[in-house]
Structures are given as C-alpha cells and as structure tokens.
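Colleague: Quick check, what structure comes out for this input:
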Amino acid sequence: MRRIRILQIGDIHYPDWRLHQSNLDAKDSQFAPGITDGLRRSSFPAILRKIGQLATGPSCHGVVFVGDFTTAGRSEYLDGVFRHFTLLCRRKDKKFDTPLLFVPGNHDVNRADARDLGRLEKFRAMSQLAAKYHWEKVPSEQPVQVKLTGKDCTLILTLLNTAVGSWELHNLPEFLRDKLQAADKHTAAVDLGSFSGAEIDPAHAPGVPAKLVEQYYGQLDTPYVMPQMLDAVQRTLDEVNATFGVLVGHHNLLPQKIPRISPYGEMLNAGFVRSQMLSLNRPLVYLHGHIHQDPVEVVSDPRLPDSKLILISAPEIKDGFNEIVFYISEHDDLVGIRLIPHRARSEDGTLVEAAHCFISTLSPSRASIDSRTFDLFRRLKQHKEERSGDLLFWNEVQDLAGSNFEGEALEDALIMLHASHWIEIDDLNKPNKSWRIQLKGK
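Modeller: Alright, predicted model coming up:
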C-alpha cells in the first residue's frame, strides 16, 4: 500500500482573517478595552504554525488551497497572500519543494477585471501571481492536472475553475444587472424580498451587507462549471484509464446544511456536474470550500455499482484545515481516504486534532490480496476458532503478524482486508491501537 498526504486549506478571506478571536464573556461592555483585548486569543498563530509544520515535513506531498484568498474582489491583497503561504509552506533550505495548488473562488474575482478583461482574462492576475511564486498553474477555461509524487506512488489532482460565472451580470435579472453596472462602492444593498428593489436600511437588517457590491459576493453570484471543462475531465480520466479521480474546486456540489437564504444557493449546474461524475462509475473525490463548513458527504448511484462521489469541504481557515491521506494499492486503486481534521477551539483559540474519518473506496471486485496478507487472514481465522471469540484487538493482531509486518505494513494489510469485506474494523476512525477487528463469515 502506498500513501499520499495533502493539506486542504479552506477560505482565507484576507485581510478579514485577523478579526476572529476567541470567545469572551464580556458582561461589562464598558470595561477597559486594553484588558479585554489582552484576554482574547486568536487561533491564527496555532493554525498557521501547524500548517507550516506539516507542509514542510517529509510526509506532505502537496498543499491545496480551495479559493477565496481575499474578500469581495479586493485583488490588491492577492500578492500578499500568495507570498505569505509560499514562505509558510516551503522550507528555506530548498528553492522549491512542496507543490502549492490554488483554484479561484468567487471572492477572488475583481469586479473591474471582470468588466474590463472578460470572462476568462479576469483570472489573469491570479495566474501571474501563481507563476511568480512558483505555484502550480491556475485553472481558467480548461482543467489543470497536477501530479503529486510520493514514495513509489503518484496522485493526480485535477483543478477546476468554478468561479467563471462571477460577475457575469447577464445571468441576473435586468433590474439587478442595471444597478450593479452603475454601482460604486457606496451604493446601498438591495432588499431582494421587495418587488420594488428598495434599498436596505442597515439599521433594520443587522448582519446583511450594507453595500450592493458586497451583497453581490454573498447573495448574487452565479457559479458554474463550463461544459468544456467538464468534458475535458471525463475525457482525461477515460484516456489514462484511471481507476479513480481527485478533483478540486471552490464551490460545493450539494446544498449546505445551514439553510441559505439567497437567490443563488448553489452552483448553477451542480446537479449536472454530480450526475456526470457519477456516470464515470468509479470513485471520485471532490475537495472544495466556499460554505465555511466542513461536511463530508458520499453520493452514489445504485445502478452503477462502482460509482462513489466523496465530497470533502474545508472550513474557513479561522476554524482550521484538513489533512487527508490517500491509500493507494499496488494496482493504483484508491483503497480508502483518511481525513484528519485540525480544528480551532473558539473558547480558547487553541488547535486540536479532531476525530478522524476513514472512507473506504475500493470495490470488493477490485480488491487484490497478496500472499502475505492472505496468510495473515488465515492466522486471524485460526486464532478466532481456537479462542472461540469474535473480536480481535490490535495487540493480538500484532502478536499474530509477528515480524512479517513492520511499520505501517500491518495497518495497510488490515485496511485492504477491510476494503475487501473479509474483516470489519470497528473504530477505524481512531488510531490503530483502538481498532477492534472482526472476521466476517464463519
């Protein structure tokens, strides 16, 4: 079994990221601000320190940023964000090492660039900055494939541009299109629940954007995947006869958990994209951000037995990030994925490693058990019969495996047996010492 490990970093929204601090039970709002500010603690130092530690470590094979480097198209901050994470994620003693990947988010699209440069050229500044700091190519009209290299193993990530629809005003009703074309940074937001399109009174609408341009990014954006980009993804996977795929985009393909009151609640052609991905009848992983939440969702089509679409969202960076391990067999099948969430605790601003999540992805029909793993299974079965017990624990399995399985080899063998449906591992989301192994059948 081979492993590829990446970091998935969610929406950053610089320069607003510094505004998030730990909770404080401030009963006295008039208390000296110098003291209350000193008691608050931001999670950012811990989050950035952990990202840097993991990204520059020997086991990290790439860092994936899923868009929204800035807020409301403030493109003057993009250079600083690219530079900051270049310095954070790469070792000083090597010119270039850890591959850094980025897909555009809707907040990264500048309104003036969209108006003056057009649908695709509005991404030019992002592409130039990626080249300047030696990041991987940024997707625009066509997907970008990036090969990550591990020990005796490679993983290809396909980068998608889901923000093409940002500031395509022809997608909006005429009265909104006219207002946005004429708007400046002081134009008030519009009450979308009013037939007259009246302006919003900020005093009576707390939490709602007060300016129309800001309102666009939160409520009026029209994201979609271009047909030629989706066609290219399908064609590439078929041409290389890939048994699985890993895709990266900014926008979610399923509606978010928290009800979103917005005319455009999700990607315009999200349903079509999901359908096309499932039609490939193989495991596909889709990494995204945008919703500032961290659901892990699996979609399949029972008519296509090998179809499995795994959607993993990264939280906004103030809440942490994801570490993801891909387990790849000797036959280049994706056996499973381990998601390791690193999450900030709002009560004190610290960072903790939350409960892991393991997702099996290998179809039993594609499972391949080598002789050594089969011999281990035979020993487990014999041991079960001798002790008349159903459950085996990690230390028992270690004793039975002996010196044939060193390092991660025992864990890999058990994961393959689990994926083949020969054994069931309870508590697979926990460290292996907590595993409880049960053989299937008699």
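Colleague: Show me what the longest strand along the chain is packed up against.
Modeller: In the chain, taking DSSP state E as the definition, the longest strand is strand 334-344. Under the contact definition 3 or more Cβ pairs under 8 Å, 6 or more residues apart in numbering; DSSP states H and E, strand 334-344 sits against helix 44-55, strand 283-288, strand 308-313, strand 320-328, strand 351-353, strand 357-360, helix 409-419. Every residue, glycine included, has its C-beta placed from N, CA and C.
Colleague: List the buried residues of the fifth one.
Modeller: By that I understand strand 351-353. Across strand 351-353, burial judged by 16 or more other Cβ atoms under 10 Å covers residue 351.
Colleague: For that strand, which helices and strands make contact with it?
Modeller: Packing partners of strand 351-353 (3+ Cβ pairs under 8 Å, 6+ apart): helix 44-55, strand 334-344.
Colleague: Chain neighbours aside, what residue packs nearest to residue 151?
Modeller: residue 2 (6.7 Å; Cβ to Cβ, 6 or more residues apart in numbering).
Colleague: And residue 242, its phi and psi?
Modeller: phi -70, psi 140 (degrees, to the nearest 10).
Colleague: hang on, it packs against residue 282?
Modeller: Yes. With contact defined as Cβ atoms under 8 Å, residue 242 reaches residue 282; the gap is 7.4 Å.
Colleague: what residues do those two have in common as contacts?
Modeller: When Cβ atoms under 8 Å, 6 or more residues apart in numbering defines a contact, no residue borders residue 242 and residue 282 alike.
Colleague: higher neighbour count, those two?
Modeller: Between residue 242 and residue 282, residue 282 has the larger neighbour count (other Cβ atoms under 10 Å), namely 21 against 17.
Colleague: Hmm, that one is touching residue 241, no?
Modeller: No. Applying Cβ under 8 Å, one finds residue 282 not in contact with residue 241, separated by 10.2 Å.
Colleague: related to what we said a few turns ago, residue 174 versus the residue nearest to residue 151, what's the distance?
Modeller: 55 Å (Cβ to Cβ, to the nearest Å).
Colleague: Please identify which of these two sits among more neighbours.
Modeller: residue 2 (17 against 9).
Colleague: okay, the more buried one: pLDDT?
Modeller: On pLDDT, residue 2 comes in at 90.
Colleague: can you tell me which residues contact it?
Modeller: Each residue near residue 2 by Cβ under 8 Å, 6+ apart is listed here: 150-153, 327-330.
Colleague: Now for those residues, which sits with the most neighbours around it?
Modeller: For the contacts of residue 2, neighbours were counted using other Cβ under 10 Å, and residue 327 has the most, 25 neighbours in all.
Colleague: Check what pLDDT it gets.
Modeller: Predicted confidence (pLDDT) for residue 327: 94.
Colleague: What is the neighbour count of the closest residue to it other than its chain neighbours?
Modeller: Nearest residue to residue 327 in three dimensions, chain neighbours excluded: residue 335, at 4.3 Å (Cβ to Cβ, 6+ apart). Counted with other Cβ under 10 Å, the neighbours of residue 335 add up to 26.
Colleague: returning to that earlier point: need the helices and strands packed on strand 351-353 in JSON lines (columns: mean pLDDT).
Modeller: Listed next are the helices and strands packed on strand 351-353 as JSON lines, based on pLDDT from 0 to 100:
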{"stretch": "helix 44-55", "mean pLDDT": "93"}
{"stretch": "strand 334-344", "mean pLDDT": "94"}
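Colleague: just so I know, which of those lies nearest residue 223?
Modeller: Evaluated over these, closeness to residue 223 peaks at strand 334-344, with 24.4 Å, by Cβ to Cβ.
Colleague: partners of the closest one, with directions?
Modeller: With DSSP bridges as the test, strand 334-344 is paired with strand 320-328 (antiparallel), strand 351-353 (antiparallel), strand 357-360 (antiparallel).
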